[in-house]
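Enquirer: here is my input; please provide its structure:
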Amino acid sequence: PLGNWTRSPFSPTEEGGRIYGLGSSDMKGGAVMLIEAMKSIKENGKPRHTLKLLLSADEEWKYRGAKMFQQKGLLDDAIFTVIAEPTEGEVMLGEKSEFWVRTTFHGKEAHGSTPEEGINSIVLQYKFLLELVERMTTLKSSLIMGTPTLNIGKIQGGRQPNIVPENCFAELDFRLLSEQQRAQVEEIIKEIGESKNRKEEFSMEILSDKRPLVSNYDDPFVKTFLEVAKKVTKMSQQTKAAPFCTDLPTLFPERVVPFVIFGPGSIKQANQPDEFIEKESLSNS
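Expert: Coordinates of the predicted model:
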């Protein structure tokens, strides 16, 4: 076992109606669902449309797998897409944006015994983040898209305790509801970062910028999928969006193909020790 895992992350363990293992919920369960669906379709005759099964890698960081598919034109003629992310059997018809930003404050080094001679970049970053978190509460939510969120994922600054830190950066993960809201957040970041005569001490870099998407609710494929999902899962399937970003913005950078996000397992299990998927969730999808 690695880290806080109590089971081997690389060998599936079946226990108590669950399958434990790295990626079991996010998203090997979804991959199994798609493979089984393709097999079932093949066994029941020729489909009316060409079906493609694409299994991409690197979705957690650079989306390089999806980018390669897009560059090769594998989905240029796509008319409907199923993304098998873990949704606990709920059909999602939208997804939030992914807006990653690195903010950096540049201060001035000094000896730790005379901190007044320096400019502490960690303190500048700290004050900036406190104000940013507060400003996030002013952003609008949506019944379908949910609430915009901010995760402060990484902070790094300083060299050792007796030196006033010259540089400090933070990496931030925003999940936003619209392109207008993304522009609003960028302005808020610049406004706070450059306030109080700190313009020369502050800089920002965009690490990832994936637009939010909403599917076409009236598309016949979307409607049929919802009807079948209601019967299979016995769930009401109310219209809502996923709180996360998928491969979709990378696969379709300039258009929106009707889509659903649907899969077994829970996104709450993603990146967790002892990640698991309920076997019942697999059978119901």
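Enquirer: C-alpha from now on. contacts and neighbour counts both.
Expert: Will do.
Enquirer: how about low-confidence regions in the stretch 101-250 of the chain?
Expert: Where the stretch 101-250 of the chain drops to pLDDT under 70, the residues are 196-199.
Enquirer: 80 instead?
Expert: Applying pLDDT under 80 to the stretch 101-250 of the chain flags the ranges 196-200.
Enquirer: in three-state terms, label Q184 for me.
Expert: Three-state assignment for Q184 (DSSP: H, G, I helix; E, B strand; the rest coil): helix.
Enquirer: return the residues in contact with the closest residue to P212 other than its chain neighbours.
Expert: When the adjacent residues along the chain are set aside, P212 lies closest to S97, with 4.0 Å between them (C-alpha to C-alpha, 6 or more residues apart in numbering). Counting by C-alpha atoms under 8 Å, 6 or more residues apart in numbering, S97 makes contact with 174-178, 209-213, 244-245.
Enquirer: tell me the one of these nearest D219?
Expert: Ranked by distance to D219 (C-alpha to C-alpha), these are led by L213 at 15.0 Å.
Enquirer: about what we covered before: and the contacts of S97 as JSON lines, adding neighbour count?
Expert: JSON lines is the format used below for these (neighbours: other C-alpha atoms under 10 Å):
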{"residue": "F174", "neighbour count": "21"}
{"residue": "R175", "neighbour count": "26"}
{"residue": "L176", "neighbour count": "30"}
{"residue": "L177", "neighbour count": "29"}
{"residue": "S178", "neighbour count": "18"}
{"residue": "D209", "neighbour count": "14"}
{"residue": "K210", "neighbour count": "21"}
{"residue": "R211", "neighbour count": "21"}
{"residue": "P212", "neighbour count": "24"}
{"residue": "L213", "neighbour count": "25"}
{"residue": "F244", "neighbour count": "15"}
{"residue": "C245", "neighbour count": "22"}
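Enquirer: can you pick out the most distant pair from those residues?
Expert: Pairwise distances across those peak at 15.1 Å for F174 and L213 (criterion: C-alpha to C-alpha).
Enquirer: need the strands for the stretch 101-250 of the chain, in chain order.
Expert: For the stretch 101-250 of the chain, the strands defined by DSSP state E, counting those that start in this stretch occupy 149-157, 167-175, 202-210, 213-214.
Enquirer: quick one: those strands as CSV, columns for distance to F259 too.
Expert: Shown next, in CSV, are the strands of the stretch 101-250 of the chain (distance: least, C-alpha to C-alpha, whole Å):
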stretch, distance to F259
strand 149-157, 23
strand 167-175, 20
strand 202-210, 16
strand 213-214, 8
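Enquirer: excluding chain neighbours, what is closest to S11?
Expert: Going by C-alpha to C-alpha, 6+ apart, S11 has G21 as its nearest residue, at 6.2 Å.
Enquirer: my guess is Q237 contacts V91, does it?
Expert: Yes - counting by C-alpha atoms under 8 Å, Q237 does reach V91; the two are 6.1 Å apart.
Enquirer: could you tell me which residues touch both of those two?
Expert: Counting by C-alpha under 8 Å, 6+ apart, the residues touching both Q237 and V91 are 226, 229.
Enquirer: who has more neighbours out of the two?
Expert: Shown here are Q237 and V91; by other C-alpha atoms under 10 Å, V91 has more neighbours (27 against 15).
Enquirer: quick one: that one and F262 touch, right?
Expert: Yes - with contacts counted by C-alpha under 8 Å, V91 reaches F262, the gap being 5.0 Å.
Enquirer: neighbours of Q184, how many?
Expert: Q184 has 12 nearby residues by other C-alpha under 10 Å.
Enquirer: what segments of the stretch 101-250 of the chain are helices?
Expert: Taking DSSP state H, counting those that start in this stretch as the criterion, the stretch 101-250 of the chain carries its helices at 121-136, 179-193, 220-233, 248-251.
Enquirer: pick the most buried one from the ones you listed.
Expert: Of all the helices of the stretch 101-250 of the chain, helix 248-251 has the most neighbours on average by mean count of other C-alpha atoms under 10 Å, namely a mean of 22.
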